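Student: sequence plus the predicted model coming up.
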Amino acid sequence: MNAIVSIKNLHKAYDSGFVALRGVDLDIAEGEILALLGPNGAGKTTLISTVCGITVPTAGKIMVGGHDTVTDYRAARSLIGLVPQEINLEPFETVENTVSFSRGLFGKKKDPARVAEVLKMLSLDDKAKSKIKELSGGMKRRVLIAKALAHEPRVLFLDEPTAGVDVELRKDMWNVVADLKAHGVTIILTTHYIEEAEAIADRVGIISKGEILLVQNKDEMMSQMGRKELRVDLVEPVETIPDALMKYDLVLAPNGRAVTYTYDTRAERTGIRTVLNDLDAAGLRMADLQTQQSSLEEIFTTLVKEQSA
Amino acid sequence: MNWTAIRAIYVFEMARFFRTLTQSLISPVLSTSLYFVVFGTAIGSRIETVEDVSYGAFIVPGLIMLSVMTQATSNASFGIYFPKFIGTIYELLSAPVNFLEITLGYVGAAATKALFIGVIIFVTAFFFVDITVQHPFAMIAFLLMTCVSFALLGFIIGIWAGNFEQLQLIPLLVITPLVFLGGSFYSVTMLPPVWQTITMFNPVVYLISGFRWAFFGTADVPVAISLAAIAFFMAACMAAIWWIFRTGWRIRQ
């Protein structure tokens, strides 16, 4: 993998004694979208802040585009854009000036055309002269993204970009992210919305209690670790599951009109064929069949539970 | 050096100043005019001369210094405290800039604002009293150095402050008394000997004295000592800021 961000054995302990990161190893490939999924307090924000230079690592090494973020911070940081979780903006400035300021701060020459382009991409072009305090919450979030993109970063960190955002805007954000990926920007986003990771990420990293539990291609993760359910609708309702079918741990629907069989896609044999045969042999007539893949949410919950155990 | 970043910070900070231009300028001009009316005209008419200078003219350098010092401190402290308060500091910390660049941007802007105000008060003074400046270059140099060093001090206060009360505390409790007792309105030689000695521990005395020398050619302390004092003050502030950024004190965890 051609890693644009490479994190090795990263530890972070705050002065208060709280240990936020415990030996994180993570490589992020150029051009991918990586979603970091984890409960509150898992260390997602600390991880991002440490890569971006807002917090200082206690131990470990971070390379961005081949530059060490501590010893060669100028080169490393100029490749990074950061969209923080909180809406932190200068309320009395105009959108245009705020975005322009960010560009200058990262050492890029003034370029009104580039700023206009970024604003357009985020549908902020008609708000360029507006003061930030006049904008809605969703617009402010877009300004934060515009600021992070003003200096043309190659890596963009989005810290919970859709926390507290309505459904429509969330979908808009996802489109923006997809657009950025198309422009070759590597994106790392943290979220605790599993559907978000499921919808836009190429890879998913699960972080809990300062450790990365798993990083994997999203589809692979879901097919390898996902459990599937087979639901069989019955023509005639039954009161109990026949003894002959007890070994399958079938779950009977409350109205007795359907049974659900759970199987592991990783297993050599899923057992679907024999279940169906045995259902037939037991005299249960099938009206319909459907299968359903379990979501990342379940994978996530299982992993976090396993860690706690 | 990331000059583009320094310029970006400077321009952004100056924009704040120009946004609130009226309140930024009117209040110091108004308060200084009041000083001229009260001290220069009403009380000053009963005081003949101080060191051969009319009292109204005598207080001009002190009044300029008073405004410049308080303005430089409050502008710089607010300039860096505000991003901390509203959270935009994250951007500074994640930008490819070092402490010197951040300091130059913020302190440069705060010093410029204070300089503006100093010049405006100087011009205002002409409407009230006759003044001539004997050493114009020295006057400019003292004014600039005072703007910069108090902006540095303000910058440190802004980083240290955890809330708005603390932001006001040092200027109110330390700087204002030091400036008032630093000979803004009187010559140190007018004090009883014991107080003269105590006054010499007030660093502001050296600044006001040096500045007044630039105007009238007379000073409470030798000009060289004034210069040394301001240089020392500036160096101490720079060292403190260097330490703050090196350790991340109150900014970077």
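Tutor: Happy to help now that I have it.

Student: from here on, just use CA atoms for contacts and neighbour counts.
Tutor: Fine.

Student: tally up the residues packed near A:K247, please.
Tutor: By other C-alpha atoms under 10 Å in any protein chain shown, 8 other residues sit near A:K247.

Student: contacting residues around it?
Tutor: Under the criterion of C-alpha atoms under 8 Å, 6 or more residues apart in numbering or on different chains, A:K247 has no neighbours.

Student: get me the contact residues on the stretch 101-250 of chain A for chain B.
Tutor: With C-alpha under 8 Å from any C-alpha of the partner chain as the criterion, the stretch 101-250 of chain A comes near chain B at residues A:F101, A:S102, A:G104, A:L105, A:F106, A:G107, A:K108, A:K109.

Student: which one is the last one nearest to, not counting chain neighbours?
Tutor: This means A:K109. Among residues not flanking A:K109 along the chain, B:T4 sits closest, at 6.6 Å (C-alpha to C-alpha, 6 or more residues apart in numbering or on different chains).

Student: wait, that neighbour sits on A:F101?
Tutor: No. Assessed by C-alpha atoms under 8 Å, B:T4 is found out of contact with A:F101, at 10.0 Å.

Student: of those two, which one has the most company?
Tutor: Taking neighbours as other C-alpha under 10 Å, B:T4 and A:F101 compare with A:F101 leading, 25 against 19.

Student: packing partners for the helix ranked longest in chain A?
Tutor: When chain A is parsed with DSSP state H, its longest helix is helix A:167-182. Applying 3 or more C-alpha pairs under 8 Å, 6 or more residues apart in numbering or on different chains; DSSP states H and E, one finds that helix A:167-182 contacts helix A:194-200.

Student: and the residues of the stretch 101-250 of chain A next to chain B, which is closest to A:L82?
Tutor: A:L82 has its nearest neighbour among those in A:S102, at 10.8 Å by C-alpha to C-alpha.

Student: ok, that closest one to B:S187 distance?
Tutor: Using C-alpha to C-alpha, to the nearest Å, A:S102 is found at 49 Å from B:S187.

Student: which of the two has more residues huddled nearby?
Tutor: Between A:S102 and B:S187, A:S102 has the larger neighbour count (other C-alpha under 10 Å), namely 26 against 19.

Student: ok, residues contacting the helix or strand encompassing the more buried one?
Tutor: Assessed by DSSP states H and E, A:S102 sits inside helix A:95-105. By C-alpha under 8 Å, 6+ apart, the residues outside helix A:95-105 that reach it are A:90, A:109-112, A:115-116, A:127-132, A:143, A:146-148, A:150-151, B:4-9, B:12, B:91-92, B:95-97.

Student: how about 7 Å then?
Tutor: Residues outside helix A:95-105 that contact it (C-alpha atoms under 7 Å, 6 or more residues apart in numbering or on different chains): A:110, A:115, A:127-132, A:143, A:146-147, A:150-151, B:4-5, B:8-9, B:12, B:95.

Student: cool, and stretch A:254-273?
Tutor: So stretch A:254-273 is contacted by A:223-234, A:236-239, A:250-253 (C-alpha under 7 Å, 6+ apart).

Student: make a ChimeraX selection of the buried ones in those.
Tutor: Buried members of the contacts of stretch A:254-273, defined by 16 or more other C-alpha atoms under 10 Å in any protein chain shown, are picked up in ChimeraX with:
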select /A:225,226,227,228,229,230,231,232,233,234,237,238,250,251,252
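
Student: doesn't B:A240 fall inside a helix?
Tutor: Yes. Assessed by DSSP: H, G, I helix; E, B strand; the rest coil, B:A240 belongs to a helix.

Student: ok, and the closest non-adjacent residue to it?
Tutor: B:I156 (7.6 Å).

Student: surely that neighbour is within a helix?
Tutor: Yes. Under three-state DSSP, B:I156 falls within a helix.

Student: count of residues packed around it?
Tutor: Neighbour count for B:I156, taken as other C-alpha under 10 Å: 22.

Student: now it: how far from B:S209?
Tutor: Per C-alpha to C-alpha, B:I156 is found 25 Å from B:S209.

Student: quick check: which element contains A:G205?
Tutor: Assigned by DSSP H and E, A:G205 belongs to strand A:203-208.

Student: excluding its backbone neighbours, what's nearest B:L144?
Tutor: Distances taken as C-alpha to C-alpha, 6+ apart put B:L115 closest to B:L144, at 7.0 Å, once the chain neighbours are dropped.

Student: picking that back up, ok, the residue nearest to B:A240 to chain A distance?
Tutor: In this view, B:I156 and chain A are 19 Å apart by C-alpha to the nearest C-alpha, to the nearest Å.

Student: and the residue of the stretch 151-253 of chain B closest to chain A?
Tutor: Here the stretch 151-253 of chain B gets closest to chain A at one residue, B:Q253, 4.9 Å apart by C-alpha to the nearest C-alpha.

Student: all helices of the chain, in order?
Tutor: As the question left the chain open, I've gone with chain A. A:44-52, A:73-78, A:95-105, A:112-121, A:137-149, A:167-182, A:194-200, A:218-225, A:272-281, A:296-308.

Student: right idea, wrong chain: chain B
Tutor: Assigned by DSSP H, chain B shows helices spanning B:3-19, B:21-35, B:55-86, B:89-94, B:99-126, B:136-160, B:164-170, B:176-180, B:193-199, B:203-216, B:223-247.

Student: mean pLDDT lowest where, among those?
Tutor: Among those, helix B:21-35 carries the lowest mean pLDDT, at a mean of 82.

Student: can you give the contact residues for stretch A:169-184?
Tutor: A:G31, A:G138, A:T162, A:I200.

Student: could you do stretch A:9-29 as well?
Tutor: Residues outside stretch A:9-29 that contact it (C-alpha under 7 Å, 6+ apart): A:1-8, A:43, A:46, A:57-61, A:210-212, B:253.

Student: okay, how far is it across it, tip to tip?
Tutor: Using C-alpha to C-alpha, the gap from the first to the last residue of stretch A:9-29 comes to 18 Å.

Student: what does stretch A:46-60 give?
Tutor: One end of stretch A:46-60 to the other measures 14 Å (C-alpha to C-alpha).

Student: middle-most residue in chain A, spatially?
Tutor: The residue lying closest to the centre of chain A (C-alpha atoms, centre = their mean) is A:A35, at 2.7 Å.

Student: hang on, the earlier thing: how about JSON lines for the contacts of stretch A:169-184, with neighbour count and pLDDT added?
Tutor: JSON lines is the format used below for the contacts of stretch A:169-184 (neighbours: other C-alpha atoms under 10 Å in any protein chain shown; pLDDT from 0 to 100):
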{"residue": "A:G31", "neighbour count": "20", "pLDDT": "94"}
{"residue": "A:G138", "neighbour count": "17", "pLDDT": "84"}
{"residue": "A:T162", "neighbour count": "24", "pLDDT": "82"}
{"residue": "A:I200", "neighbour count": "18", "pLDDT": "90"}
